[in-house]
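A.B. asks: here's my sequence, what's the structure:
(one chain, ligands or ions: 2)
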Amino acid sequence: MRVVPVPCLQDNYAYLVVASGGEAAIVDASEAAPVRATLARERVRAVAIWSTHHHFDHVGGNEELARELGLEVVAHVSDRERVPAFGRGVDTGDLLRLGDVEARCIHIPGHTLGAVAYFVDAPGQRCVFTGDTLFCAGCGRLFEGTAAQMHASLGRLAALPGDTRVFCGHEYTASNLRFAAHVEPSNADVARAIDRAARLRSEGLPTVGTTLDEERRVNPFLRIGSPELRTTLRIAPDADEVAAFAVVRASKDRFR
Ligand code: ZN
Ligand code: FE
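C.D. replies: Numbers count the residues shown, from 1 in each chain. Ligands and ions are numbered 1, 2, ... in the order given. Okay, here's the model as predicted:
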């Protein structure tokens with residue numbers, strides 16, 4: 001199994017998940033042209049589109065690619081009316097088969113109510129596609145769900161094995177890490193992550209594919225209990241996790 005990031009639009013990523021036999025799933029067909037070009041370059045055969053949520057920058061290529069290549073579009077069962085070319089509704093625990101690869105669906109409401117993650121538990125190369133819910137060093141905005149929903153969804157993702165690599169919907173890592181350094185100025189892992197992201201971006205490479213272990217060390221939204229973070233944002237030490245999460249999310253919304 002391998003994962004091929006496909007840069008789309010301004011800063012979006014589509015991905016190809018490629019099984020050993022050359023069958024590919026397209027995660028988030030943002031736009032058709034770059035996905036089509038990558039399928040040709042990699043010489044793989046797409047069999048499905050796995051959509052993480054209904055926003056246009058993640059499903060803009062669904063209609064065209066599904067029609068052209070005869071693909072089944074998978075999305076959360078509640079998004080039948082909102083995901084273009086919707087074909088199969090899934091929910092937590094549903095399994096998707098792609099050649100020798102199996103992906104498990106996890107409902108992660110918060111950014112949108114029908115957001116879903118796809119977890120591929122391939123031995124030695126676990127990965128999860130998180131859309132705009134868990135970003136590398138950040139998380140998505142609360143457009144439809146509540147802070148409690150998003151906090152629970154991030155908890156579901158963070159409970160996956162620590163070596164799971166995170167493939168999210170946008171190249172937002174550098175600006176997310178600026179916020180991380182603001183809330184935890186003495187976090188040395190954040191400082192290292194900033195250097196790594198800057199190096200990768202200067203070479204034109206994606207920063208995505210960090211592990212969940214790494215995210216737990218640097219991502220403010222997975223570090224709600226950090227004393228330094230709470231001090232910076234004036235969150236009471238005894239404030240509960242959801243209330244604290246809401247403060248961190250609101251501060252990030254305002255952060256420039
Ligand atoms: Zn979105
Ligand atoms: Fe997006």
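A.B. asks: helices of this protein, start to end?
C.D. replies: With DSSP state H, the ranges of helices along the chain come out as 32-42, 56-59, 62-69, 147-158, 173-183, 188-202, 212-218, 227-232, 241-254.
A.B. asks: how about those, which one is nearest ligand 2?
C.D. replies: Checking the helices of the chain against ligand 2 by Cβ to the ion gives helix 56-59 as the closest, at 4.5 Å. In this view, the C-beta of every residue, glycine as well, is placed from N, C-alpha and C.
A.B. asks: could I get the buried residue list for the closest one?
C.D. replies: Across helix 56-59, burial judged by 16 or more other Cβ atoms under 10 Å covers 57-59.
A.B. asks: keep these, but drop any that are not near ligand 2.
C.D. replies: Residues of the buried residues of helix 56-59 in contact with ligand 2 (Cβ under 5 Å from the ion): Asp57.
A.B. asks: give me the number of residues near Val3?
C.D. replies: Number of residues near Val3 (other Cβ atoms under 10 Å) recorded here: 18.
A.B. asks: kindly report the residues of the stretch 51-200 of the chain close to ligand 1.
C.D. replies: Near ligand 1, when you scan the stretch 51-200 of the chain using Cβ under 5 Å from the ion, you find 55, 132.
A.B. asks: who in the stretch 151-256 of the chain is up against ligand 2?
C.D. replies: Counting by Cβ under 5 Å from the ion, the stretch 151-256 of the chain sits next to ligand 2 at Gly169.
A.B. asks: tell me the confidence at the closest residue to ligand 2 within the stretch 151-256 of the chain?
C.D. replies: With Cβ to the ion, the shortest gap between the stretch 151-256 of the chain and ligand 2 falls at Gly169, namely 4.9 Å. For Gly169, the model assigns a pLDDT of 98.
A.B. asks: what's the answer for Val73, then?
C.D. replies: 98.
A.B. asks: what sits against it?
C.D. replies: 48-49, 51, 62, 66, 83-88 (Cβ atoms under 8 Å, 6 or more residues apart in numbering).
A.B. asks: which among those end up buried?
C.D. replies: Looks like these have 48-49, 51, 62, 66, 83-86 buried, using 16+ other Cβ under 10 Å.
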